[in-house]
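1. Can you look at this prediction? I've put the sequence above it.
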Amino acid sequence: MKKRWGAAFQIAAVYVGTVVGAGFATGKEIVEFFSRYGFIGFISILISGYLFIYLGSKLMRMGARLQARSYQELNDFLFGKWVGRGINALMLIMLLGVSAVMLSGAGAIFEEQLGFAKETGIFATIFLSIVVMVIGTKGLYAVNTFVVPMMISFSLFLMFFSVRDPRFIDHLLFTPYTKYAWKSFVAPFSYTAFNLALAQAVLVPIATEVKDDWAIKWGGLLGGAALTIILASSHFTLIMLPGFVQYDIPMAYIMKNVAEGLYWIYVLVIYGEIFTSVIGNVFGLERQLKKYVSLPTVITVSAIFVVTYFISLVNYGTLLSFMYPIFGYASLAFIVLLWIKPLPKVE
(Lines give C-alpha, C1' and ligand atoms only; values in the text may rest on other atoms or scores of the structure.)
Protein backbone atom coordinates (compact mmCIF):
# COMPACT_ATOMS: atom_id res chain seq x y z
CA MET A 1 0.00 0.00 0.00
CA LYS A 2 2.89 2.35 0.81
CA LYS A 3 4.24 1.85 -2.72
CA ARG A 4 0.80 2.64 -4.21
CA TRP A 5 0.50 5.87 -2.22
CA GLY A 6 4.01 6.80 -3.37
CA ALA A 7 2.95 6.29 -7.00
CA ALA A 8 -0.22 8.33 -6.39
CA PHE A 9 1.78 11.25 -4.95
CA GLN A 10 4.20 11.14 -7.90
CA ILE A 11 1.29 11.25 -10.36
CA ALA A 12 -0.28 14.12 -8.38
CA ALA A 13 3.02 16.04 -8.50
CA VAL A 14 3.32 15.59 -12.28
CA TYR A 15 -0.35 16.63 -12.69
CA VAL A 16 0.16 19.82 -10.67
CA GLY A 17 3.54 20.56 -12.23
CA THR A 18 2.12 20.23 -15.75
CA VAL A 19 -0.84 22.55 -15.10
CA VAL A 20 1.00 25.10 -12.95
CA GLY A 21 2.99 26.85 -15.63
CA ALA A 22 4.07 30.39 -16.39
CA GLY A 23 0.66 32.02 -16.00
CA PHE A 24 -0.43 30.02 -12.96
CA ALA A 25 2.82 30.36 -10.99
CA THR A 26 3.29 34.07 -11.73
CA GLY A 27 -0.37 34.82 -10.96
CA LYS A 28 -1.01 36.39 -14.38
CA GLU A 29 -3.20 33.52 -15.57
CA ILE A 30 -5.26 33.55 -12.34
CA VAL A 31 -5.82 37.31 -12.75
CA GLU A 32 -6.88 36.83 -16.38
CA PHE A 33 -9.42 34.09 -15.70
CA PHE A 34 -10.57 34.70 -12.10
CA SER A 35 -9.29 37.50 -9.84
CA ARG A 36 -10.30 40.34 -12.16
CA TYR A 37 -13.95 39.33 -11.59
CA GLY A 38 -13.80 39.62 -7.79
CA PHE A 39 -16.09 37.35 -5.77
CA ILE A 40 -17.56 35.76 -8.91
CA GLY A 41 -13.99 34.80 -9.77
CA PHE A 42 -13.68 32.97 -6.44
CA ILE A 43 -16.87 30.98 -7.15
CA SER A 44 -15.41 30.17 -10.57
CA ILE A 45 -12.25 28.85 -8.87
CA LEU A 46 -14.33 26.41 -6.79
CA ILE A 47 -16.09 25.15 -9.93
CA SER A 48 -12.77 24.83 -11.72
CA GLY A 49 -11.33 22.96 -8.72
CA TYR A 50 -14.12 20.38 -8.83
CA LEU A 51 -13.52 19.86 -12.56
CA PHE A 52 -9.77 19.42 -12.00
CA ILE A 53 -10.41 16.78 -9.32
CA TYR A 54 -13.08 14.77 -11.16
CA LEU A 55 -12.04 15.10 -14.80
CA GLY A 56 -8.27 14.99 -14.20
CA SER A 57 -8.62 11.62 -12.48
CA LYS A 58 -11.01 10.33 -15.16
CA LEU A 59 -8.71 11.47 -17.99
CA MET A 60 -5.76 9.50 -16.62
CA ARG A 61 -7.81 6.38 -15.84
CA MET A 62 -9.30 6.50 -19.34
CA GLY A 63 -5.86 6.82 -20.95
CA ALA A 64 -4.49 3.90 -18.91
CA ARG A 65 -7.45 1.65 -19.75
CA LEU A 66 -7.05 2.44 -23.43
CA GLN A 67 -3.32 1.72 -23.04
CA ALA A 68 -2.76 4.98 -24.92
CA ARG A 69 0.86 5.86 -25.57
CA SER A 70 0.02 9.45 -26.54
CA TYR A 71 -2.88 11.92 -26.42
CA GLN A 72 -3.80 11.02 -30.04
CA GLU A 73 -5.28 7.66 -29.00
CA LEU A 74 -7.37 9.27 -26.25
CA ASN A 75 -8.71 11.93 -28.64
CA ASP A 76 -9.54 9.25 -31.22
CA PHE A 77 -11.59 7.48 -28.53
CA LEU A 78 -13.40 10.68 -27.48
CA PHE A 79 -14.05 12.26 -30.87
CA GLY A 80 -13.80 9.35 -33.32
CA LYS A 81 -10.93 8.86 -35.76
CA TRP A 82 -11.86 11.52 -38.33
CA VAL A 83 -12.64 14.37 -35.93
CA GLY A 84 -9.84 13.14 -33.68
CA ARG A 85 -7.30 13.91 -36.41
CA GLY A 86 -8.37 17.55 -36.48
CA ILE A 87 -8.28 17.74 -32.67
CA ASN A 88 -4.79 16.25 -32.58
CA ALA A 89 -3.59 18.81 -35.14
CA LEU A 90 -5.07 21.57 -32.94
CA MET A 91 -3.31 20.01 -29.93
CA LEU A 92 0.04 20.24 -31.68
CA ILE A 93 -0.54 23.94 -32.34
CA MET A 94 -1.69 24.53 -28.74
CA LEU A 95 1.28 22.70 -27.23
CA LEU A 96 3.69 24.67 -29.40
CA GLY A 97 1.93 27.93 -28.53
CA VAL A 98 1.83 27.29 -24.80
CA SER A 99 5.44 26.08 -24.72
CA ALA A 100 6.32 29.41 -26.32
CA VAL A 101 4.34 31.24 -23.59
CA MET A 102 6.28 29.27 -20.96
CA LEU A 103 9.61 30.18 -22.53
CA SER A 104 8.50 33.81 -22.71
CA GLY A 105 7.53 33.59 -19.02
CA ALA A 106 10.98 32.23 -18.17
CA GLY A 107 12.49 35.14 -20.07
CA ALA A 108 10.23 37.57 -18.18
CA ILE A 109 11.45 36.14 -14.85
CA PHE A 110 15.09 36.73 -15.83
CA GLU A 111 14.37 40.20 -17.23
CA GLU A 112 11.85 41.58 -14.69
CA GLN A 113 13.10 39.92 -11.51
CA LEU A 114 16.79 39.10 -12.04
CA GLY A 115 17.89 41.93 -14.33
CA PHE A 116 19.24 39.70 -17.12
CA ALA A 117 18.33 39.80 -20.80
CA LYS A 118 15.13 37.95 -21.72
CA GLU A 119 17.05 35.73 -24.18
CA THR A 120 19.33 34.55 -21.33
CA GLY A 121 16.33 33.09 -19.49
CA ILE A 122 14.95 31.51 -22.64
CA PHE A 123 18.22 29.83 -23.66
CA ALA A 124 18.93 28.63 -20.09
CA THR A 125 15.46 27.05 -19.97
CA ILE A 126 15.92 25.37 -23.35
CA PHE A 127 19.28 23.89 -22.32
CA LEU A 128 17.99 22.54 -18.98
CA SER A 129 14.84 21.17 -20.63
CA ILE A 130 16.85 19.20 -23.19
CA VAL A 131 18.92 17.67 -20.37
CA VAL A 132 15.79 16.56 -18.46
CA MET A 133 14.08 15.30 -21.64
CA VAL A 134 17.04 13.06 -22.45
CA ILE A 135 16.75 11.51 -18.95
CA GLY A 136 13.04 10.76 -19.65
CA THR A 137 10.14 10.20 -17.23
CA LYS A 138 12.47 9.85 -14.23
CA GLY A 139 13.63 13.42 -14.82
CA LEU A 140 10.01 14.57 -15.11
CA TYR A 141 9.10 12.92 -11.79
CA ALA A 142 12.20 14.25 -10.02
CA VAL A 143 11.68 17.90 -10.97
CA ASN A 144 7.96 17.90 -10.12
CA THR A 145 8.36 16.04 -6.82
CA PHE A 146 10.78 18.77 -5.68
CA VAL A 147 9.08 21.90 -7.04
CA VAL A 148 5.35 21.23 -6.43
CA PRO A 149 5.44 20.94 -2.59
CA MET A 150 7.44 24.19 -2.45
CA MET A 151 4.88 25.96 -4.66
CA ILE A 152 2.00 24.85 -2.41
CA SER A 153 3.90 25.94 0.73
CA PHE A 154 4.62 29.42 -0.65
CA SER A 155 1.03 29.85 -1.85
CA LEU A 156 -0.28 29.07 1.65
CA PHE A 157 2.39 31.28 3.22
CA LEU A 158 1.33 34.33 1.20
CA MET A 159 -2.36 33.57 1.77
CA PHE A 160 -1.75 33.59 5.54
CA PHE A 161 -0.69 37.26 5.39
CA SER A 162 -3.61 38.20 3.15
CA VAL A 163 -6.41 36.71 5.26
CA ARG A 164 -5.02 38.44 8.38
CA ASP A 165 -5.59 41.85 6.78
CA PRO A 166 -8.74 43.45 8.28
CA ARG A 167 -9.82 44.50 4.77
CA PHE A 168 -9.66 40.94 3.42
CA ILE A 169 -13.41 40.13 3.58
CA ASP A 170 -14.28 43.40 1.83
CA HIS A 171 -11.82 42.61 -0.95
CA LEU A 172 -13.03 39.01 -1.21
CA LEU A 173 -16.72 39.97 -1.56
CA PHE A 174 -16.08 42.87 -3.94
CA THR A 175 -17.29 42.35 -7.52
CA PRO A 176 -16.07 45.03 -9.97
CA TYR A 177 -18.21 46.18 -12.87
CA THR A 178 -17.04 45.05 -16.30
CA LYS A 179 -18.76 44.86 -19.67
CA TYR A 180 -17.10 41.46 -20.12
CA ALA A 181 -18.83 39.95 -17.06
CA TRP A 182 -20.14 37.05 -19.19
CA LYS A 183 -16.57 35.77 -19.43
CA SER A 184 -16.54 35.11 -15.67
CA PHE A 185 -19.25 32.46 -16.11
CA VAL A 186 -17.41 30.75 -18.96
CA ALA A 187 -13.99 31.05 -17.27
CA PRO A 188 -14.01 27.94 -15.01
CA PHE A 189 -14.98 25.72 -17.93
CA SER A 190 -12.69 27.24 -20.57
CA TYR A 191 -9.80 27.39 -18.06
CA THR A 192 -10.15 23.76 -16.97
CA ALA A 193 -10.75 22.62 -20.55
CA PHE A 194 -7.64 24.38 -21.78
CA ASN A 195 -5.40 23.04 -19.02
CA LEU A 196 -6.67 19.45 -19.17
CA ALA A 197 -6.54 19.38 -22.97
CA LEU A 198 -2.86 20.34 -22.75
CA ALA A 199 -2.08 18.23 -19.67
CA GLN A 200 -3.27 15.06 -21.43
CA ALA A 201 -0.09 15.20 -23.51
CA VAL A 202 1.83 14.32 -20.33
CA LEU A 203 -0.81 12.61 -18.17
CA VAL A 204 -1.95 10.01 -20.72
CA PRO A 205 1.48 8.38 -21.37
CA ILE A 206 2.42 8.69 -17.68
CA ALA A 207 -0.81 6.94 -16.56
CA THR A 208 -0.31 4.20 -19.16
CA GLU A 209 3.18 3.54 -17.79
CA VAL A 210 1.91 3.35 -14.18
CA LYS A 211 -1.01 0.98 -15.03
CA ASP A 212 -2.29 0.79 -11.40
CA ASP A 213 -5.89 2.12 -11.55
CA TRP A 214 -6.01 2.83 -7.79
CA ALA A 215 -2.79 4.91 -7.85
CA ILE A 216 -3.93 6.75 -10.99
CA LYS A 217 -7.36 7.56 -9.49
CA TRP A 218 -5.91 8.90 -6.24
CA GLY A 219 -3.10 10.70 -8.05
CA GLY A 220 -5.75 12.58 -10.04
CA LEU A 221 -7.83 13.36 -6.96
CA LEU A 222 -4.84 14.59 -4.95
CA GLY A 223 -3.46 16.59 -7.88
CA GLY A 224 -6.84 18.24 -8.53
CA ALA A 225 -7.24 19.09 -4.84
CA ALA A 226 -3.74 20.62 -4.75
CA LEU A 227 -4.53 22.73 -7.82
CA THR A 228 -7.70 24.00 -6.14
CA ILE A 229 -5.75 24.98 -3.01
CA ILE A 230 -3.11 26.84 -5.05
CA LEU A 231 -5.76 28.60 -7.13
CA ALA A 232 -7.80 29.73 -4.12
CA SER A 233 -4.81 30.77 -2.00
CA SER A 234 -3.26 32.70 -4.91
CA HIS A 235 -6.59 34.45 -5.53
CA PHE A 236 -6.82 35.45 -1.84
CA THR A 237 -3.33 36.93 -2.13
CA LEU A 238 -3.82 38.69 -5.48
CA ILE A 239 -7.02 40.53 -4.52
CA MET A 240 -5.10 42.35 -1.78
CA LEU A 241 -2.62 43.86 -4.26
CA PRO A 242 -3.77 47.27 -5.59
CA GLY A 243 -3.79 47.34 -9.38
CA PHE A 244 -2.91 43.63 -9.66
CA VAL A 245 -4.06 43.56 -13.31
CA GLN A 246 -1.09 45.66 -14.45
CA TYR A 247 1.68 43.28 -13.29
CA ASP A 248 3.20 40.50 -15.43
CA ILE A 249 4.45 38.64 -12.34
CA PRO A 250 2.19 39.88 -9.49
CA MET A 251 2.94 37.01 -7.08
CA ALA A 252 6.66 37.80 -7.03
CA TYR A 253 5.90 41.48 -6.40
CA ILE A 254 3.71 40.52 -3.42
CA MET A 255 6.40 38.25 -1.96
CA LYS A 256 8.95 41.08 -2.23
CA ASN A 257 6.68 43.31 -0.11
CA VAL A 258 5.60 40.64 2.40
CA ALA A 259 8.85 38.73 3.03
CA GLU A 260 11.81 40.16 1.15
CA GLY A 261 14.15 37.57 2.68
CA LEU A 262 12.29 34.79 0.85
CA TYR A 263 11.88 36.71 -2.37
CA TRP A 264 14.74 35.14 -4.33
CA ILE A 265 13.77 31.63 -3.25
CA TYR A 266 10.21 32.32 -4.39
CA VAL A 267 11.41 33.60 -7.76
CA LEU A 268 13.31 30.32 -8.20
CA VAL A 269 10.16 28.36 -7.29
CA ILE A 270 8.14 30.31 -9.88
CA TYR A 271 10.85 29.60 -12.42
CA GLY A 272 10.78 25.93 -11.37
CA GLU A 273 7.04 25.75 -12.07
CA ILE A 274 7.50 27.37 -15.47
CA PHE A 275 10.28 24.88 -16.16
CA THR A 276 8.12 21.86 -15.21
CA SER A 277 5.44 22.99 -17.65
CA VAL A 278 7.97 23.53 -20.44
CA ILE A 279 9.36 20.01 -20.08
CA GLY A 280 5.83 18.60 -19.64
CA ASN A 281 4.55 20.16 -22.87
CA VAL A 282 7.66 19.29 -24.85
CA PHE A 283 7.54 15.72 -23.43
CA GLY A 284 3.99 15.37 -24.82
CA LEU A 285 4.96 16.86 -28.18
CA GLU A 286 7.98 14.61 -28.51
CA ARG A 287 5.89 11.50 -27.70
CA GLN A 288 3.34 12.51 -30.36
CA LEU A 289 5.93 13.33 -33.04
CA LYS A 290 7.58 9.95 -32.49
CA LYS A 291 4.54 8.45 -34.23
CA TYR A 292 5.48 10.27 -37.43
CA VAL A 293 9.28 10.60 -37.35
CA SER A 294 11.75 8.25 -35.75
CA LEU A 295 14.56 10.53 -34.62
CA PRO A 296 16.68 10.66 -31.44
CA THR A 297 15.03 12.59 -28.57
CA VAL A 298 17.71 15.31 -28.65
CA ILE A 299 17.03 16.14 -32.31
CA THR A 300 13.21 16.13 -31.97
CA VAL A 301 13.28 18.26 -28.81
CA SER A 302 15.78 20.70 -30.34
CA ALA A 303 13.53 21.15 -33.39
CA ILE A 304 10.54 21.87 -31.12
CA PHE A 305 12.55 24.51 -29.26
CA VAL A 306 13.64 26.23 -32.47
CA VAL A 307 9.96 26.82 -33.36
CA THR A 308 8.88 27.85 -29.85
CA TYR A 309 11.87 30.17 -29.43
CA PHE A 310 10.78 32.51 -32.22
CA ILE A 311 7.20 32.67 -30.89
CA SER A 312 8.48 33.31 -27.34
CA LEU A 313 10.15 36.57 -28.42
CA VAL A 314 6.71 38.23 -28.29
CA ASN A 315 5.89 39.94 -24.94
CA TYR A 316 4.88 37.39 -22.29
CA GLY A 317 1.75 39.20 -21.09
CA THR A 318 0.56 39.75 -24.67
CA LEU A 319 1.05 36.09 -25.58
CA LEU A 320 -0.79 34.83 -22.50
CA SER A 321 -3.75 37.23 -22.80
CA PHE A 322 -4.21 36.40 -26.50
CA MET A 323 -3.53 32.65 -26.69
CA TYR A 324 -4.93 31.24 -23.44
CA PRO A 325 -8.59 32.38 -23.78
CA ILE A 326 -8.72 31.25 -27.45
CA PHE A 327 -7.28 27.83 -26.61
CA GLY A 328 -9.70 27.60 -23.66
CA TYR A 329 -12.79 28.07 -25.84
CA ALA A 330 -11.38 25.65 -28.43
CA SER A 331 -10.98 22.97 -25.72
CA LEU A 332 -14.56 23.09 -24.36
CA ALA A 333 -15.71 20.19 -26.54
CA PHE A 334 -12.88 18.10 -25.07
CA ILE A 335 -14.11 18.31 -21.46
CA VAL A 336 -17.76 17.83 -22.47
CA LEU A 337 -16.89 14.51 -24.13
CA LEU A 338 -14.51 13.58 -21.32
CA TRP A 339 -17.37 14.15 -18.85
CA ILE A 340 -20.08 12.16 -20.68
CA LYS A 341 -18.02 9.26 -22.11
CA PRO A 342 -17.94 6.26 -19.74
CA LEU A 343 -14.62 4.75 -18.74
CA PRO A 344 -13.61 1.83 -20.97
CA LYS A 345 -14.02 -1.53 -19.28
CA VAL A 346 -10.88 -3.21 -17.97
CA GLU A 347 -9.96 -6.08 -20.27
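-> Cool, the structure landed.
2. Okay, now the unreliable bits of the stretch 51-200 of the chain?
-> Low-confidence segments of the stretch 51-200 of the chain, defined by pLDDT under 70, span residues 136-141.
3. Show me the helices in it, by range?
-> Taking DSSP state H, counting those that start in this stretch to define them, one finds helices in the stretch 51-200 of the chain at 71-79, 81-108, 118-135, 137-163, 168-173, 182-210.
4. Packing partners of the shortest one?
-> To tie it back to what came earlier, the one meant is helix 168-173. Under the contact criterion of 3 or more Cβ pairs under 8 Å, 6 or more residues apart in numbering; DSSP states H and E, helix 168-173 touches helix 39-65. Every residue, glycine included, has its C-beta placed from N, CA and C.
5. Could you list the buried residues of the helix it packs on?
-> Neighbour-count burial for helix 39-65 flags 40-45, 48-49, 51-65 (criterion: 16 or more other Cβ atoms under 10 Å).
6. do stretch 166-185 as well
-> Neighbour-count burial for stretch 166-185, with 16+ other Cβ under 10 Å as criterion, is recorded at 168, 171-172, 183-184.
7. Now those residues in CSV, please, with extra columns for distance to I326.
-> Output for these, formatted as CSV (distance: Cβ to Cβ, whole Å):
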residue, distance to I326
F168, 34
H171, 30
L172, 30
K183, 13
S184, 17
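8. hmm, which two among these are most spread apart?
-> F168 and K183 (25.0 Å; Cβ to Cβ).
9. pLDDT score assigned to L320?
-> At L320 the predicted local confidence, pLDDT, stands at 62.
10. gap between the closest residue to F77 other than its chain neighbours and L103?
-> Distance criterion Cβ to Cβ, 6 or more residues apart in numbering; nearest residue to F77, sequence neighbours excluded, is L66 at 5.7 Å. For L66, the distance to L103 under the criterion Cβ to Cβ, to the nearest Å works out to 31 Å.
11. Could you do N144 as well?
-> Counting by Cβ to Cβ, the gap between N144 and L103 amounts to 18 Å.
12. now do A12
-> Where L103 is concerned, A12 sits at a distance of 26 Å (Cβ to Cβ).
13. So those two - more neighbours on which side?
-> Using other Cβ atoms under 10 Å, the more surrounded residue of A12 and L103 is L103, with 29 against 25.
14. got the contact list for the nearest residue to that one once chain neighbours are set aside?
-> The spatially closest residue to L103, leaving aside those adjacent along the chain, is S312, at 3.8 Å (Cβ to Cβ, 6+ apart). S312 makes contacts with 100-101, 103-104, 107, 122, 319, as judged by Cβ atoms under 8 Å, 6 or more residues apart in numbering.
15. residues near the spatially closest residue to A64 that is not a sequence neighbour, how many?
-> Distances taken as Cβ to Cβ, 6+ apart put A207 closest to A64, at 4.2 Å, once the chain neighbours are dropped. Burial of A207 is recorded as 32 neighbouring residues (other Cβ under 10 Å).
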